[in-house]
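A.B. asks: sequence and predicted structure are below.
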Amino acid sequence: MPTHSFPVLNQQFIVDTKYQFIREIGQGAYGVVCAAKNTQTGEDVAIKKVTKVFEKAILAKRALREVKLLRHFSGHENITSILDMDITNVQDFNEIYLVQELMEADLHQIIRSEQPLTDAHFQYFIYQICRGLKYIHSANVLHRDLKPGNLLVNADCELKICDFGLARGFSDDAESNVGFMTEYVATRWYRAPEIMLSFQSYTKAIDMWSVGCIFAEMLGGKPLFKGRDYVDQLNQILQILGTPDEATLRRVGSERAQAYIRSLPKMPTIPFQQLYPRASPLAIDMLQKLLNFDPAARITVEQALAHPYLAAYHEEDDEPVHESTFDFSFEVTDRIDEMKRLIAQEVMSFKASKEQALGIQNGGLRRAASLSAADRSATTTAARNTPHEQIQEEPAIAEEAPVNHLASSMEVDEDLERELSGQAMQA
């Protein structure tokens, strides 16, 4: 394969000559991204160079997981797909090139642009998130890092879920889920309360909580729970949802977390209608069902798709499930040389089967036209007017975090903060 090189930000890209550089998109903790044109097809694509893959075992495993999962979910319209991938030297490489669809922006940029979003936008975006998540959950995979920055949007308001580096398998057998917190550094603003409170029993409901946080952020134009630390994050959830009942608390909370919550004044629930007075009654009802403190009572992705708020788009026959569950057996190895071999194997396997159809072929979102041309135009304007300065990773501490009246007069319990963040479980 003939290659050529060009600089992108602080990296040198070495790729197939058919890819011609268009512009820089951004960089994050795990790589650099640029836009390019495939001169053979005329298609504009995004090329991501994942760097320093083998400097640490945790980075190698994250890269391996990402490649395997993207291949497993290839073909679904609401999940980003790999169009091509490459490594510069099979025997000695420390970076991976992933070629994917070029999307104009992510949902974080759309919200940040302050471009007015309509109820039709909210419905269409939430529907597509849930449609993609149904496919992911059907393979017994939890995404674990759903947030606006991991939801890519194009000019037609089509949305794709990306970044599977923190994904994990799910089993109905609780003992099989031990070690769930390993590597778990997902953004705290979108982290389900049961994850902070227990680290023991977890379900697909953790992703549904994240969907609820994303929905609230669209409705309000800013994150709903912007904790400065994990104790503050828990406090902000309690201040809005109210104190959970004793049965729920015992089921999802560790002894230390239970004791902390019981030590606080009993808090009432603040109605979402009060927080989002312009939201429709159906939007508020769905938000309440997504942001239920009790994971057992939180709606599933199937129930979310069937909610009346998404009736304009819901069509069960056009909401596929995966034909097989994902095999996470590769996770047992922590040897960098073995993970390097497995990544090279994935790249070679992909290239060998590149001409074959991967994943599902399901004809697209048949009701996409329900989003008006005016609504699509508004989102396109927002996407094009938002600079691609940097790939969003972990958000910074809230610039104007609300005063926490529960803990403002006391120092944060460092042991509790460690436990809620998961550090105690990883030690």
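C.D. replies: That came through, no problem.
A.B. asks: so where do the helices sit in the stretch 1-150 of the chain?
C.D. replies: Assigned by DSSP state H, counting those that start in this stretch, the helices in the stretch 1-150 of the chain fall at 57-72, 107-112, 119-138.
A.B. asks: adding mean pLDDT, write those out as CSV.
C.D. replies: Listed next are the helices of the stretch 1-150 of the chain as CSV, based on pLDDT from 0 to 100:
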stretch, mean pLDDT
helix 57-72, 94
helix 107-112, 94
helix 119-138, 98
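A.B. asks: so which of those is the most surrounded?
C.D. replies: Greatest average neighbour count among these goes to helix 119-138 (a mean of 23), per mean count of other CB atoms under 10 Å. All C-beta atoms are positioned from the backbone trio N, CA, C, and that covers glycine.
A.B. asks: using CSV, write down the CA coordinates of it.
C.D. replies: The C-alpha coordinates for helix 119-138 follow below in CSV (Å, rounded to 0.1, in the frame of the first residue of the first chain):
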residue,chain,number,x,y,z
ASP,A,119,-38.8,19.9,20.8
ALA,A,120,-38.4,18.1,17.5
HIS,A,121,-34.7,18.2,17.9
PHE,A,122,-34.9,16.7,21.4
GLN,A,123,-37.2,13.9,20.2
TYR,A,124,-35.0,13.0,17.2
PHE,A,125,-31.7,13.1,19.1
ILE,A,126,-33.1,11.0,22.1
TYR,A,127,-34.7,8.6,19.7
GLN,A,128,-31.4,8.0,17.9
ILE,A,129,-29.4,7.6,21.1
CYS,A,130,-31.9,5.0,22.3
ARG,A,131,-32.0,3.2,19.0
GLY,A,132,-28.2,2.8,19.0
LEU,A,133,-28.2,1.9,22.7
LYS,A,134,-30.8,-0.8,22.1
TYR,A,135,-28.4,-2.4,19.7
ILE,A,136,-25.5,-2.1,22.1
HIS,A,137,-27.4,-3.4,25.1
SER,A,138,-28.7,-6.4,23.0
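A.B. asks: what packs against it?
C.D. replies: When contacts are defined as 3 or more CB pairs under 8 Å, 6 or more residues apart in numbering; DSSP states H and E, helix 119-138 sits against strand 151-153, strand 159-161, helix 205-220, helix 281-290, helix 301-305, helix 373-384.
A.B. asks: distance from the chain centre to that helix, please.
C.D. replies: In this view, helix 119-138 has its centroid 12 Å away from the chain centroid, taken as CA atoms, centre = their mean, to the nearest Å.
A.B. asks: sorry, back to before: can I get the helices and strands packed on helix 119-138 in CSV with distance to R250?
C.D. replies: Formatted as CSV, the helices and strands packed on helix 119-138 follow (distance: least, CB to CB, whole Å):
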stretch, distance to R250
strand 151-153, 35
strand 159-161, 34
helix 205-220, 17
helix 281-290, 23
helix 301-305, 25
helix 373-384, 44
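A.B. asks: in a markdown table: these, plus mean pLDDT and mean neighbour count.
C.D. replies: Below are the helices and strands packed on helix 119-138 laid out as a markdown table (pLDDT from 0 to 100; neighbours: other CB atoms under 10 Å):
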| stretch | mean pLDDT | mean neighbour count |
| --- | --- | --- |
| strand 151-153 | 96 | 25 |
| strand 159-161 | 98 | 23 |
| helix 205-220 | 97 | 23 |
| helix 281-290 | 98 | 19 |
| helix 301-305 | 98 | 19 |
| helix 373-384 | 58 | 17 |
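A.B. asks: nearest to V141, out of these?
C.D. replies: helix 205-220 (9.5 Å; CB to CB).
A.B. asks: what is the closest one packed up against?
C.D. replies: Against helix 205-220 (3+ CB pairs under 8 Å, 6+ apart) you get helix 107-112, helix 119-138, helix 193-197, helix 272-275, helix 281-290, helix 301-305.
A.B. asks: and with 7 Å instead?
C.D. replies: helix 119-138, helix 281-290 (3 or more CB pairs under 7 Å, 6 or more residues apart in numbering; DSSP states H and E).
A.B. asks: in this structure, which residue is most central in space?
C.D. replies: L146 (2.4 Å; CA atoms, centre = their mean).
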